[in-house]
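A.B. asks: test case, fold it:
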Amino acid sequence: MKQRITLKKIAKEFGVSISTVSKALKDSHEISEETRGRIKAFADFYNYKPNSLALQLRSQKTKVIGVIIPEIVHHFFSTVIDGIERYAIEKGYNVMVCLSNESYEKEVSNFNLLTNGSVDGLIVSIARETQENQQFKHYEGLIKDDFPLVLFDRINDDLNCDKVIIDDIGGAYKATNHLIEIGSKRIALLTTQDFITVGSLRKEGYLYALKSNGIEVDESLIYKIDDNQNLYDQIEKVINVPNPPDAILAVNEIYAANALICAKERGLVIPTDIAIIGFTSGLISEFTSPPLSCIVQHGYLMGQQAAELLINRIEHTGPKEFQKEVISPNLKIRKSTLLDH
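C.D. replies: Numbers count the residues shown, from 1 in each chain. The predicted structure follows:
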């Protein structure tokens, strides 16, 4: 096995200073081409690697960014992580991912763990319990300390930091308008509790589409799902009624898939009797029977943009003003809303 080589050993081998070796390895023109070539060849032969810990101590940077997400089961969050990691690696950063499991206390614990010198900045989607209780002191503390922070998907507009979201209102408007175009009259909305920002915004887009098309809003068709209760039982009550809706917009693909199962078990034909569309184009939507139409949220792009904003903030290369990037979603039509004429 070849010996572990250091700058000091290379300097001793060539009878030069450590500074000269460092400059040669960085291809500095202060060092002659011949000396650079000999030092670099020697370093390559002994597989020289810079001492990353020493570099971090000198720069006070870990070259690691932290990511906190509410849950991992949703395809959307996994695609966001993929986008973050790809961009971060290109820029020489590693990524550390933590789950809040929708818990305020777990989120605070993750904050304390990651911001205690472990990472250079944070990318976060706010936990459900944090939004419900409106407890944001841990965010405000980071912002006060000028710690680099980017919020994505679930955000709070009162927090003064960079943010990346999709156009939730526009996405829900597109989905509802599509259901109206295929002839749906009684469109139910399966949404979250109001304190979840994305659900509230998607409800706004749904209502806007109904009003724009002259359809009276029926509050009895708006169902706020409690994620702490049995999901299937709640959605079954939407469909297993004497006069079920002829279409459903669900604010995520888990709700949409459960609605599809409930409708089929009741004997309804999809989309003839009831059309269903959800948010997120994940594997669940793609492989249900029939496949679910959906609003594509572009999670990978969201992750890339969040990582770019954060690294720019860490390296002080972006604009001083905080940015709010809004990604436009698009409609993907599959057989759950594709009527045969």
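A.B. asks: just the strands in the stretch 151-300 of the chain please.
C.D. replies: Taking DSSP state E, counting those that start in this stretch as the test, the strands found in the stretch 151-300 of the chain are 162-166, 187-191, 222-224, 247-250, 275-279, 293-296.
A.B. asks: residue 138: which of those is closest?
C.D. replies: Evaluated over these, closeness to residue 138 peaks at strand 162-166, with 16.8 Å, by Cβ to Cβ. (C-beta placed from N, C-alpha, C; glycine too.)
A.B. asks: pLDDT (mean, whole number) over the closest one?
C.D. replies: Taken as a whole, strand 162-166 has an average pLDDT of 97.
A.B. asks: tell me what that strand is packed against?
C.D. replies: If you count contacts as 3 or more Cβ pairs under 8 Å, 6 or more residues apart in numbering; DSSP states H and E, strand 162-166 packs onto strand 149-152, helix 299-315, strand 324-327.
A.B. asks: give me phi/psi at residue 75?
C.D. replies: Main-chain dihedrals, residue 75, degrees, to the nearest 10: phi -60, psi -40.
A.B. asks: surely it and residue 287 touch.
C.D. replies: No: counting by Cβ atoms under 8 Å, no contact exists between residue 75 and residue 287, whose distance comes to 11.3 Å.
A.B. asks: between those two, which has more neighbouring residues?
C.D. replies: When residue 75 and residue 287 are compared on other Cβ atoms under 10 Å, the one with more neighbours turns out to be residue 75, at 20 against 10.
A.B. asks: what's near enough to touch the more buried one?
C.D. replies: By Cβ atoms under 8 Å, 6 or more residues apart in numbering, the residues touching residue 75 are 253, 280, 281, 282, 283, 284, 299.
A.B. asks: what of residue 224?
C.D. replies: With contacts taken as Cβ under 8 Å, 6+ apart, residue 224 has the following neighbours: 191, 192, 193, 194, 199.
A.B. asks: from residue 254, how far out is the second one?
C.D. replies: To tie it back to what came earlier, the one meant is residue 192. Computed with Cβ to Cβ, to the nearest Å, the distance linking residue 192 and residue 254 is 11 Å.
A.B. asks: out of the strands of the stretch 151-300 of the chain, flag the one nearest residue 127.
C.D. replies: Taking Cβ to Cβ as the measure, the strands of the stretch 151-300 of the chain were each checked against residue 127, and strand 162-166 came out nearest at 16.1 Å.
A.B. asks: give me the neighbour count for residue 93.
C.D. replies: A count of neighbours around residue 93, defined by other Cβ under 10 Å, yields 22.
A.B. asks: residues contacting it?
C.D. replies: If you count contacts by Cβ under 8 Å, 6+ apart, residue 93 has them with 63, 64, 65, 120, 307, 311.
A.B. asks: with the residues you listed in mind, which one is nearest to residue 173?
C.D. replies: Minimum separation from residue 173 among the contacts of residue 93 (Cβ to Cβ) is found for residue 307, which lies at 28.6 Å.
A.B. asks: what's the per-residue pLDDT of that closest one here?
C.D. replies: You'll see residue 307 listed with a pLDDT of 98.
A.B. asks: residue 95 belongs to a helix?
C.D. replies: No: assigned with DSSP: H, G, I helix; E, B strand; the rest coil, residue 95 falls outside any helix and is strand.
A.B. asks: contacting residues around it?
C.D. replies: Residues in contact with residue 95 (Cβ under 8 Å, 6+ apart) are 64, 65, 66, 67, 81, 84, 85, 88, 89.
A.B. asks: quick check: bridge partners of it?
C.D. replies: Legend: beta-bridge partners of residue 95 under DSSP bridges are residue 65.
A.B. asks: look up how far residue 24 lies from it.
C.D. replies: Residue 95 sits 32 Å away from residue 24 when distances are taken as Cβ to Cβ.
A.B. asks: residues contacting the residue lying closest to residue 268 once chain neighbours are set aside?
C.D. replies: For residue 268, the nearest residue in space outside its immediate sequence neighbours is residue 274; the separation is 5.0 Å by Cβ to Cβ, 6 or more residues apart in numbering. Residue 274 makes contacts with 239, 244, 245, 246, 247, 248, 263, 268, as judged by Cβ under 8 Å, 6+ apart.
A.B. asks: my read: residue 40 touches residue 23, true?
C.D. replies: No: counting by Cβ under 8 Å, residue 23 is not a contact partner of residue 40; they are 11.3 Å apart.
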